[in-house]
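Undergrad: No sequence on hand, only this structure:
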């Protein structure tokens with residue numbers, strides 16, 4: 001480091017994957033790391049031959065974890081039975097700077113537990129990752145200053161994520177609440193190095209917007225500790241005090257007696273409501289804590305501080321309080337103790353506040369409507385297939401995109417298409433598109449744009465729902481309501497029901513990776529971290545938590561309401577398996593079969609026989625019978641499967657095309673994609 005040996009430093013060797021791809025992927029957790037001695041020397045024995053990189057590591061300490069970030073990487077080639085020598089650092093010059101926030105944060109920044117400052121090569125202000133690629137890193141002191149040594153001459157960009165203090169019950173840095181960026185250059189130096197630092201001076205760090213006093217409180221829905229669900233809309237016309245808290249949060253627990261005093265003081269006023277939003281993961285622990293301490297106001301649980309509700313309220317640290325007026329506007333935030341009690345009392349004594357309140361709140365999911373006729377439904381006898389693709393490899397949210405949706409005839413001929421969608425891969429599921437033949441509608445969800453669009457059967461847009469996180473769709477054939485499930489994480493989110501005009505009709509605190517409508521019992525199946533079956537009113541008919549990782553796809557036999565489900569393995573989750581399940585309508589197990597050698601992730605039920613077609617990453621398309629017999633895999637790796645209930649046609653998607661197959665699995669029609677599609681979602685009707 002500079003002229004001095006970099007002593008007691010972790011260094012790591014990372015072999016490149018031999019996958020033939022022009023990527024920067026490495027073997028994960030390869031294990032070749034060691035420490036330098038007092039002379040900066042290190043040695044590794046019996047290293048896997050081949051190309052790779054040697055790096056020194058910057059370690060950042062968080063509350064209960066460490067981040068090990070490699071940098072100053074040197075590309076090397078390790079040859080069998082030879083010694084490879086490599087020198088890291090000792091060139092370039094130090095770069096220094098200090099971050100300055102653009103405003104005071106809700107919670108003071110602990111710079112010593114912030115993610116390190118990172119310098120990366122850039123061209124015209126944009127980061128480039130050409131081979132050989134490296135980066136340079138440095139931790140912060142208490143004042144937000146950093147020093148990054150041994151940066152060679154060139155053009156660079158500094159990037160820093162501004163983090164909240166780490167959460168006590170979680171690993172890693174706290175939530176990112178801001179960022180800093182700066183493009184700069186280091187001129188050439190004599191002999192390629194200098195001891196004189198390049199001082200970047202004070203660097204402006206921009207904090208992200210927060211939900212402030214005067215703004216409308218976001219609508220939400222969450223699961224109550226005592227069962228059922230609560231929505232902010234339920235408190236229309238009332239003064240609502242919301243408290244985000246957790247049992248592991250010391251300041252939250254210390255504040256609870258004050259909240260109890262507020263509840264006792266104003267509980268008899270019908271215009272006031274206190275709502276606790278627990279950010280714990282374990283509902284049982286929260287119930288025990290609330291019961292033992294007699295905290296008898298209403299509580300809901302949102303499982304973590306990174307879920308949708310805390311994010312919508314821009315909760316940066318716990319506890320966080322929001323006092324919401326009867327008109328839905330935020331009156332005060334992040335008050336505690338006597339100051340919070342006085343704010344509640346002042347608001348309740350303000351008669352004008354309640355006289356001016358409106359019973360109308362802005363919708364959670366704005367609807368954009370288009371002038372287009374609804375296609376007549378129910379009359380057509382021919383089959384149809386809708387395909388939503390992921391041919392655009394870019395999925396940054398705020399850039400134009402060219403993923404598309406197409407309708408195909410029963411012989412694979414394109415009837416219409418639309419572009420401008422923004423999708424990305426998922427862990428499974430085929431229900432990213434749906435058709436309501438009865439009412440002449442096609443529904444498409446966009447994973448990245450958080451949007452659901454309704455088309456008529458000729459491809460004209462009817463309406464578009466914004467700000468809805470959608471992993472999967474299902475249509476209630478009797479009512480025409482559209483069920484949408486999704487969230488920011490696989491284990492956190494909700495299922496929202498929209499009427500045929502796109503208006504929110506109901507919401508339930510359950511989330512699935514995939515979802516399907518059961519016409520036999522007129523119910524909805526959700527699969528993900530748990531399996532949930534709901535009736536049309538959202539009442540739970542069956543619920544089972546997965547003892548491994550998650551279920552990825554579900555398909556219903558319309559004749560008896562049984563459900564074919566595939567479960568996926570995860571290498572970091574104990575007891576997880578790749579399994580095919582057949583559950584009866586009541587949730588009892590009819591069939592369970594493990595496929596340890598294949599990461600299966602899609603399944604479709606053949607309505608004529610009740611058998612299932614399924615596929616995975618490692619092996620191709622296979623058929624499973626009701627008796628448990630599984631066919632040999634075909635050489636078709638399908639990312640989606642759909643079987644038409646009107647024609648019985650079997651359709652599958654590959655990265656190159658959509659295929660129509662006969663009962664033996666032979667292709668009888670092929671419709672190429674516009675480009676390589678990493679995944680596509682299809683539905684046949």
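TA: Structure received. Keep in mind it's a predicted model, so treat the numbers as computed, not measured. Numbering: from 1, shown residues only.

Undergrad: what's the longest helix in the chain?
TA: Longest among the helix segments of the chain by residue count, using DSSP state H, is helix 250-266.

Undergrad: buried ones in that one?
TA: Applying a neighbour-count criterion of 16 or more other Cβ atoms under 10 Å, one finds 252, 255-256, 258-260, 262-263, 266 buried in helix 250-266. C-beta here means a position set from N, CA and C on the backbone, and glycine is covered the same way.

Undergrad: As a markdown table, the residues you listed with distance to residue 287 and pLDDT would be great.
TA: Supplementary listing: the buried residues of helix 250-266 in a markdown table, determined by distance: Cβ to Cβ, whole Å; pLDDT from 0 to 100:
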| residue | distance to residue 287 | pLDDT |
| --- | --- | --- |
| 252 | 16 | 93 |
| 255 | 19 | 95 |
| 256 | 15 | 95 |
| 258 | 22 | 95 |
| 259 | 17 | 96 |
| 260 | 17 | 95 |
| 262 | 21 | 96 |
| 263 | 18 | 96 |
| 266 | 24 | 96 |
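
Undergrad: mind giving me the domain split of this protein?
TA: As assigned by automatic domain parsing, the chain contains the domains 57-69+80-207, 221-355, 367-684.

Undergrad: Could you check how far the longest one is from the centre of its chain?
TA: Using Cα atoms, centre = their mean, to the nearest Å, the mean C-alpha position of domain 367-684 is found 18 Å from that of the whole chain.

Undergrad: Quick check: end-to-end length of that domain?
TA: Distance across domain 367-684, first residue to last, is 27 Å (Cα to Cα, to the nearest Å).

Undergrad: can you check stretch 218-228 too?
TA: Start to finish, the residues bounding stretch 218-228 are 20 Å apart (Cα to Cα).

Undergrad: likewise stretch 103-110?
TA: In terms of Cα to Cα, the two terminal residues of stretch 103-110 are separated by 15 Å.

Undergrad: Would you mark the buried spots in that stretch?
TA: Of the residues in stretch 103-110, those scored as buried under the neighbour-count criterion (16+ other Cβ under 10 Å) are 105, 109-110.

Undergrad: Out of the residues you listed, which one has the lowest pLDDT?
TA: Per-residue confidence over the buried residues of stretch 103-110 reaches its minimum at residue 105, where pLDDT is 87.

Undergrad: Quick one: distance of the following helix or strand past the longest helix of the chain to the chain centre.
TA: Next along the chain after helix 250-266, taking DSSP states H and E as the criterion, comes strand 272-278. When distances are taken as Cα atoms, centre = their mean, strand 272-278 is centred 27 Å away from the chain's centroid.

Undergrad: Direction included, what does strand 272-278 pair up with?
TA: Strand 272-278 has these partner strands in its sheet, going by DSSP bridges: strand 239-245 (parallel), strand 298-301 (parallel).

Undergrad: which residues are contacting the last one?
TA: Taking Cβ atoms under 8 Å, 6 or more residues apart in numbering as the criterion, the residues outside strand 298-301 that touch it are 222-225, 229-230, 273-280, 283, 286, 290.

Undergrad: rewinding a little: which of the strands paired with strand 272-278 sits most buried?
TA: Using mean count of other Cβ atoms under 10 Å, the stretch among those with the largest mean neighbour count is strand 239-245, at a mean of 24.

Undergrad: Let me see the residues that make contact with that one.
TA: Where contact means Cβ under 8 Å, 6+ apart, the residues beyond strand 239-245 that reach it are 217, 232, 252, 255-256, 259, 262, 271-279, 305, 310, 313, 315, 318-326, 331, 340, 344, 347-348, 353.
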